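A.B. asks: Compute the structure for the input listed below.
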Amino acid sequence: MGILPLSFLYTKSWGNFSLSYANLIGHRTMVFDDHRNSLYAQALRQIITPNSVVLDLGAGLGIHGLLAASMGAKKVYFVEPHANLQVATEVAKDNALGDCVECFQGAIEEVMLPQKVDVIISVFTGNFLLEEDLLPSLVYARDHFLKPDGRLLPDCAVMKVAPISMPEQFTRHIEQWSERSQGIDFKVLRSYAANSVYRDN
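C.D. replies: This next block holds a predicted model:
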């Protein structure tokens, strides 16, 4: 059953915006994305019970794990490779949720949780599911730490594409590789260019 289809989660285009997850201030767009976070909250309300043990995978500043804790989850594990996890711990304490939250700094493949979990919350989709190579870590977490009757949130994804025509961008980014530069042939790069993602203003 699809609780939270990803087609509802990513509705904004960030252009050339580049996010470093180690940059605390860079998390602002995720912490204050009320559209996305309200959908996570709605889905969590359907599955969190007083007995729920939750993994917030790639927790960042912990917005989704903290939502689960505030809804009465018994235990919430934050797993995050970056040092901003220390700030997430402070946020948990400031919201009187520190006793419920336990943090593990590192990739999910490097940590050992004390127990299996009922729910895995993640935003491990990357852009269009394929960038950032995050899905293998989500699959690892599911296979190693999710109880047999546990839930993934989100647990499904919808990828949508639409054909468009952008002749100027095609010429600049792809077709130009068919031209010679100073008599040197670089056409072997054309296939790489045709399979790359471009973000123009």
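A.B. asks: Longest helix in the chain, by number of residues?
C.D. replies: Under DSSP state H, the helix in the chain containing the largest number of residues is helix 34-47.
A.B. asks: Just the buried residues of that helix, please?
C.D. replies: Residues of helix 34-47 classed as buried by neighbour count (16 or more other CB atoms under 10 Å): 36, 37, 39, 40, 41, 43, 44, 47. Placement of C-beta: from N, CA and C, glycine included.
A.B. asks: And for stretch 59-74?
C.D. replies: Burial within stretch 59-74, assessed by neighbour count using 16+ other CB under 10 Å, is assigned to 59-71, 73.
A.B. asks: of these, closest to residue 183?
C.D. replies: Proximity of these to residue 183 was ranked by CB to CB; the top entry is residue 60 with 50.0 Å.
A.B. asks: If I look at that closest one, what pLDDT would I see?
C.D. replies: Note on residue 60: pLDDT of 88.
A.B. asks: Distance from the chain centre to stretch 53-60, please.
C.D. replies: Relative to its chain's centre, stretch 53-60 lies at 11 Å (CA atoms, centre = their mean, to the nearest Å).
A.B. asks: Kindly apply the preceding question to stretch 165-175 instead.
C.D. replies: Stretch 165-175 has its average C-alpha position 30 Å from the chain's average C-alpha position, going by CA atoms, centre = their mean.
A.B. asks: i'd like the first residue to be 47 from this point on
C.D. replies: OK, 47 is where the count begins now, so the last one is stretch 211-221.
A.B. asks: now, the most widely separated pair of the buried residues of stretch 105-120?
C.D. replies: Distance extremes for the buried residues of stretch 105-120: the farthest pair is 106 and 117 at 18.7 Å, using CB to CB.
A.B. asks: now this structure, which segments are flagged as low pLDDT?
C.D. replies: 47-73, 171-173, 177-178, 246-247 (pLDDT under 70).
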